[in-house]
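S.K.: Sequence first, then the predicted structure, then my questions.
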Amino acid sequence: MRSSFYSLSQSKGIAVGALILALLAVAYGSSVDDKPASVDAETIRVVAAVHEFPPVAPPSRNVAPVMIVPPAQALEEAIAARFPILRDAVVECHGQDCQLSALLPPPRTEREQDDRETMLLGALERFVAAQGHPQNGSVQLDEIGEEEYRIRVPLTRAT
């Protein structure tokens with residue numbers, strides 16, 4: 001019985017609250033109309049635009065990834081780390097044209113000889129191309145001693 005008492009009083013409270021809100025709405029509505037409350041009073045009307053739909057973000061563009069070309073010093077360090085058989089690797093760039101110059105000492109072991117051949121048969125070319133500097137001509141080997149060469153590789157700076 002007690003629970004029905006509370007639900008009955010709650011519904012009476014809701015009804016009274018709704019009645020008060022209705023009376024306030026009628027009273028407020030009657031004082032707000034298109035005519036000013038008094039002739040002498042100055043009325044300011046503010047009209048706010050209401051968006052029917054939320055703002056839409058501009059359409060996205062599908063953009064191809066851009067390769068960031070490392071500066072010459074970073075390329076020199078990458079070459080030295082990848083090809084330890086090369087000594088004194090230097091990359092010089094003038095505009096889009098670059099040149100790799102390095103010392104290729106004589107091989108001391110069979111492994112160094114294999115690494116040297118692998119490097120000259122395309123590993124160096126693929127590596128510098130992956131770094132953003134594709135090869136732009138053939139590798140030039142200048143013999144400066146017995147089995148010791150100065151290697152020069154023309155490169156192009158990718159954009």
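M.R.: Cool, got the structure.
S.K.: Am I right that residue 137 is in contact with residue 152?
M.R.: No - the pair residue 137 and residue 152 fails to qualify as a contact (CB atoms under 8 Å) at a distance of 9.4 Å. (Glycine included, C-beta is placed from N, CA and C.)
S.K.: who has more neighbours, the two?
M.R.: residue 152 (15 against 11; other CB atoms under 10 Å).
S.K.: mind checking which helix or strand the more buried one is in?
M.R.: If you go by DSSP states H and E, residue 152 is part of strand 148-156.
S.K.: I'd like to know which elements that strand is packed against.
M.R.: Applying 3 or more CB pairs under 8 Å, 6 or more residues apart in numbering; DSSP states H and E, we find strand 148-156 packed against strand 97-104, helix 124-130, strand 140-145.
S.K.: Out of those, which is closest to residue 78?
M.R.: helix 124-130 (7.8 Å; CB to CB).
S.K.: How about residues contacting that closest one?
M.R.: 75, 78-79, 82-83, 100, 134-135, 139, 153, 155 (CB atoms under 8 Å, 6 or more residues apart in numbering).
S.K.: again with stretch 74-83
M.R.: 70, 86, 89-91, 100, 102, 115, 119, 123-124, 127-128, 131, 133.
S.K.: Would you map the helices across the protein?
M.R.: Assigned helices in the chain, in chain order: 2-31, 72-82, 110-118, 124-130 (criterion: DSSP state H).
S.K.: Tell me the spacing between residue 155 and residue 118.
M.R.: Plainly put, residue 155 is 19 Å away from residue 118 if you go by CB to CB, to the nearest Å.
S.K.: who has more neighbours, these two?
M.R.: residue 155 (25 against 13).
S.K.: And that one, how close does it get to residue 129?
M.R.: 9 Å.
S.K.: Between those two, which contacts overlap?
M.R.: residue 135.
S.K.: which residues touch residue 93?
M.R.: 72, 99, 157.
S.K.: Can you tell me who it pairs with across the strands?
M.R.: The partner list for residue 93 in beta bridges (DSSP bridges) reads residue 98.
S.K.: just to revisit the earlier point, any chance of a markdown table for the helices and strands packed on strand 148-156, columns mean neighbour count?
M.R.: Listed next are those as a markdown table, based on neighbours: other CB atoms under 10 Å:
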| stretch | mean neighbour count |
| --- | --- |
| strand 97-104 | 18 |
| helix 124-130 | 16 |
| strand 140-145 | 11 |
